[in-house]
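Peer 1: What would the 3D arrangement of this be:
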Amino acid sequence: MTVLPDEGLPLAGDFPSASPEQWQALVRGVLRRAGEEPADSTAEDGALSTFVEDGIVTQPLYTAGDAAPDPGFPGLAPFVRGARAAGNSVAGWDVRQRHTVSDNSAVLTDLENGVASLWLVVGSGGIPATALNRVLSGVHLDLAPVALDAGGETASASAELLRLYETRGVAREDARGNLGADPLGHEARTGEVLDFEMAAYLAQRCADTYPGLRALTVNALPYHEAGGSAAQELGCSLATGVTYLRELTRAGLSVEQAISQLEFRYAATADQFLTIAKLRAARRLWARVAETCGIPHRGGQFQHAVTSSVMMTRRDPWVNMLRTTIATLSAGVGGADAVTVLPFDDALGLPDGFARRIARNTSAILIEESHVSRVIDPAGGSWYVESLTDQLAHAGWDFFQAIERTGGQRKAVRSGMVGEKLAATWSARARRLATREEPITGVSEFPHLAEDPVVRTSGHRSPAGGLPRVRRDDEFDVLRARSDAHFATTGSRPRMYLTGIGTVAGHTARLTFAANLFQAGGIEPVTGGRLAESGTHHACICGSDAACDAQAATVASELRTEGAECVFLAGGPGPYLGVDAYVFAGGDAVATLSAALDRMGVSR
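Peer 2: Model prediction:
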């Protein structure tokens, strides 16, 4: 047995340190062998860099040289590492589940199985304010915080909740949660203008009487759900928060009272590092606002993170469980105080009991089994995360300043400035989705046409009239809906006959690519046999560039002879005699598939 010396092992001490230049040389060699040799000495970094949005580009390698401002300590300004010194504590974040219908059984089941607080959507299309007593029957209101989301009915919903606290004997210091007044968020979502008088009244009442209640929510979800970027979401939340501070202090509250009445709601996406950085940057930005107001010690945000509805898909919704798991992990690591996991079937209607169980257990597993909350700011100190946080904070502040130059959040929304900026961001992202540069698992990648659809009862419908609401799967879902209608009418899907040319090794990859692409549009690929036996008059030739050069025109002619009305080609630079259309990586998949369905006579 070898006895180690007291000074321990030198580990890497016997090896010379590698420099960034050496790493870049190795990268250059790999790119050269892959046929992507950079044209200049710095391109090897760009070849592996990733465009995020907001002008942010993530690099392939971060070192101590990628400096970022000191994030400070948890619980202290600038609060980057958390609003509280103890972090989320061992108990973890507040598991807050959303309820949109009057279902007391579902509420109690959630609370009995790990949910800590309730987010109730009250008003038009949701829970009637008069039904709150029934919905909250059996709920210990001194233990379970309640957050209201009542829009134009905030006054009646708040009055009813406060009445319940009184009639059930809940001590005023034990009442916790949020009354949910959010005039600007409501206007952004619905176009309906609300005055600020009620919000100010509720804030003053909470400040005077209910120390555990907040009166206002700064809801950034309408901007995220309209297609906004992370920085735009931050900028809008900051501008809204500043507007509320101005209105509350004008109504007679002190700055400290006003800032204590705000809760911030952000989206958590499956882009885990961007979500982590966004929540950290949000706290840093709000700390700057508090510092400007002369109360830097009160600059810690209370953050409510909600898994993004934009990322949720209606086709193959089971994949949403993976998306929400990553988003919840990101929210917890990013320091969110409360986290809501939308059920995987939320986009389809009213979630069933299984979906609600999976949603609440997502947080339970991360807290109780993965122990994510036992480490305060686990991403802190990462050169990448600190750099991304810093870049996002600057981009968010720039957007906030642009809004302020317009006259503030209210004027920026009403003038169309915010809507135009969000639309431009979404247009660029929609292009990446259409070309599958940003893939959607189960929709644009690895779709499964034969899977039985998940059907749910129609649930709460979000109000319309303000900013649009988008989803990543929107354009592909339109194509699949056309296919579904065709299937309902004819009993079969539109089909595409795929034929490989050249060697098996040469055409297999493109055959797989074409089959995957056509299924994303609801078109069933048919392989094997002859065109006449495939049940379609549309064919796609798949082969290597060399095989296409040698055989594409001949094979296209043979397919025409067999009855092909339209011939596609996957691969090859083209054009080839007899080929009507081309499908290729990087092309506009949505446009290609829509045109294919048109050629097949599938109605729009």
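
Peer 1: Beyond whichever strand or helix holds Ala395, next helix or strand please.
Peer 2: If you go by DSSP states H and E, Ala395 is part of helix 383-406. Following helix 383-406 in sequence order, the next helix or strand is helix 409-414 (DSSP H and E).

Peer 1: Run through the helices of the stretch 1-150 of the chain in chain order.
Peer 2: 20-33, 43-48, 104-112, 132-135 (DSSP state H, counting those that start in this stretch).

Peer 1: weakest of the ones you listed by average pLDDT?
Peer 2: For these, mean pLDDT drops lowest on helix 43-48, to a mean of 61.

Peer 1: picking up where we left off before, and His297, which of the helices of the stretch 1-150 of the chain is closest to it?
Peer 2: Each of the helices of the stretch 1-150 of the chain has some distance to His297 by C-beta to C-beta; the shortest is helix 104-112, at 34.2 Å. (Each C-beta comes from the backbone N, C-alpha and C, glycine too.)

Peer 1: How far away from the center of its chain is that closest one?
Peer 2: Chain-centre distance of helix 104-112: 27 Å, with C-alpha atoms, centre = their mean, to the nearest Å.

Peer 1: swap in stretch 209-220?
Peer 2: With C-alpha atoms, centre = their mean, you get 25 Å for stretch 209-220.

Peer 1: May I see the buried residues of that stretch?
Peer 2: 210, 213-220 (16 or more other C-beta atoms under 10 Å).

Peer 1: JSON lines for the residues you listed, including pLDDT, secondary structure and distance to Leu285?
Peer 2: Shown next, in JSON lines, are the buried residues of stretch 209-220 (pLDDT from 0 to 100; DSSP: H, G, I helix; E, B strand; the rest coil; distance: C-beta to C-beta, whole Å):
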{"residue": "Tyr210", "pLDDT": "97", "secondary structure": "coil", "distance to Leu285": "28"}
{"residue": "Leu213", "pLDDT": "97", "secondary structure": "strand", "distance to Leu285": "25"}
{"residue": "Arg214", "pLDDT": "98", "secondary structure": "strand", "distance to Leu285": "19"}
{"residue": "Ala215", "pLDDT": "98", "secondary structure": "strand", "distance to Leu285": "22"}
{"residue": "Leu216", "pLDDT": "98", "secondary structure": "strand", "distance to Leu285": "18"}
{"residue": "Thr217", "pLDDT": "98", "secondary structure": "strand", "distance to Leu285": "17"}
{"residue": "Val218", "pLDDT": "98", "secondary structure": "strand", "distance to Leu285": "12"}
{"residue": "Asn219", "pLDDT": "98", "secondary structure": "strand", "distance to Leu285": "16"}
{"residue": "Ala220", "pLDDT": "98", "secondary structure": "coil", "distance to Leu285": "12"}
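
Peer 1: Could you export those residues to JSON lines, including columns for distance to Trp397?
Peer 2: Below are the buried residues of stretch 209-220 laid out as JSON lines (distance: C-beta to C-beta, whole Å):
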{"residue": "Tyr210", "distance to Trp397": "33"}
{"residue": "Leu213", "distance to Trp397": "30"}
{"residue": "Arg214", "distance to Trp397": "24"}
{"residue": "Ala215", "distance to Trp397": "26"}
{"residue": "Leu216", "distance to Trp397": "22"}
{"residue": "Thr217", "distance to Trp397": "22"}
{"residue": "Val218", "distance to Trp397": "16"}
{"residue": "Asn219", "distance to Trp397": "20"}
{"residue": "Ala220", "distance to Trp397": "15"}
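
Peer 1: what two of those are the furthest from one another?
Peer 2: Most distant of the buried residues of stretch 209-220, by C-beta to C-beta, are Tyr210 and Ala220, 24.6 Å apart.

Peer 1: one step back: on contacts alone, who are the packing partners of the helix holding Ala395?
Peer 2: strand 56-58, helix 230-250, helix 272-292, helix 409-414, helix 417-434 (3 or more C-beta pairs under 8 Å, 6 or more residues apart in numbering; DSSP states H and E).

Peer 1: Format the CA atom coordinates belonging to that helix as PDB.
Peer 2: Output in PDB follows, covering the C-alpha atoms of helix 383-406 (Å, rounded to 0.1, in the frame of the first residue of the first chain):
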ATOM      1  CA  TRP A 383     -17.200  33.100 -15.700                       C
ATOM      2  CA  TYR A 384     -19.800  32.300 -18.200                       C
ATOM      3  CA  VAL A 385     -22.800  32.900 -16.000                       C
ATOM      4  CA  GLU A 386     -21.400  36.100 -14.500                       C
ATOM      5  CA  SER A 387     -20.500  37.400 -18.000                       C
ATOM      6  CA  LEU A 388     -24.000  36.500 -19.300                       C
ATOM      7  CA  THR A 389     -25.700  38.200 -16.300                       C
ATOM      8  CA  ASP A 390     -23.600  41.300 -16.900                       C
ATOM      9  CA  GLN A 391     -24.400  41.500 -20.600                       C
ATOM     10  CA  LEU A 392     -28.100  40.800 -20.000                       C
ATOM     11  CA  ALA A 393     -28.200  43.500 -17.300                       C
ATOM     12  CA  HIS A 394     -26.800  46.100 -19.700                       C
ATOM     13  CA  ALA A 395     -29.200  45.000 -22.500                       C
ATOM     14  CA  GLY A 396     -32.200  45.200 -20.200                       C
ATOM     15  CA  TRP A 397     -31.100  48.600 -18.800                       C
ATOM     16  CA  ASP A 398     -30.800  49.900 -22.400                       C
ATOM     17  CA  PHE A 399     -34.300  48.800 -23.200                       C
ATOM     18  CA  PHE A 400     -35.600  50.300 -20.000                       C
ATOM     19  CA  GLN A 401     -34.000  53.600 -20.900                       C
ATOM     20  CA  ALA A 402     -35.500  53.500 -24.400                       C
ATOM     21  CA  ILE A 403     -38.900  53.100 -22.700                       C
ATOM     22  CA  GLU A 404     -38.300  56.000 -20.300                       C
ATOM     23  CA  ARG A 405     -37.300  58.200 -23.200                       C
ATOM     24  CA  THR A 406     -40.600  57.400 -24.800                       C
END
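
Peer 1: related to what we said a few turns ago, how about a markdown table for the helices of the stretch 1-150 of the chain, with mean neighbour count and distance to Gly349 added?
Peer 2: Below are the helices of the stretch 1-150 of the chain laid out as a markdown table (neighbours: other C-beta atoms under 10 Å; distance: least, C-beta to C-beta, whole Å):
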| stretch | mean neighbour count | distance to Gly349 |
| --- | --- | --- |
| helix 20-33 | 13 | 48 |
| helix 43-48 | 16 | 42 |
| helix 104-112 | 17 | 14 |
| helix 132-135 | 18 | 19 |
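
Peer 1: for those, which one sits closest to Ala553?
Peer 2: Nearest to Ala553, of the helices of the stretch 1-150 of the chain and by C-beta to C-beta, is helix 20-33 at 33.8 Å.

Peer 1: what's the offset of the closest one from the middle of its chain?
Peer 2: Centre to centre, stretch against its chain (C-alpha atoms, centre = their mean), the figure for helix 20-33 is 34 Å.

Peer 1: Restricting to C-alpha, output it in CSV.
Peer 2: Extracted in CSV, the C-alpha atoms of helix 20-33 (Å, rounded to 0.1, in the frame of the first residue of the first chain):
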residue,chain,number,x,y,z
PRO,A,20,-6.1,30.2,-24.8
GLU,A,21,-4.0,30.5,-27.9
GLN,A,22,-3.1,26.8,-27.7
TRP,A,23,-6.8,25.9,-27.3
GLN,A,24,-7.7,28.1,-30.3
ALA,A,25,-5.0,26.3,-32.4
LEU,A,26,-6.6,22.9,-31.5
VAL,A,27,-10.0,24.3,-32.5
ARG,A,28,-8.6,25.5,-35.8
GLY,A,29,-7.3,22.1,-36.5
VAL,A,30,-10.6,20.4,-35.8
LEU,A,31,-12.4,22.9,-38.1
ARG,A,32,-9.8,22.4,-40.8
ARG,A,33,-10.4,18.6,-40.7
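
Peer 1: What's the mean pLDDT across stretch 158-171?
Peer 2: 97.

Peer 1: what's in contact with it?
Peer 2: By C-beta atoms under 8 Å, 6 or more residues apart in numbering, the residues outside stretch 158-171 that reach it are 129-130, 132-133, 136, 141-142, 146, 148, 150, 172, 175, 179-181, 202, 210.
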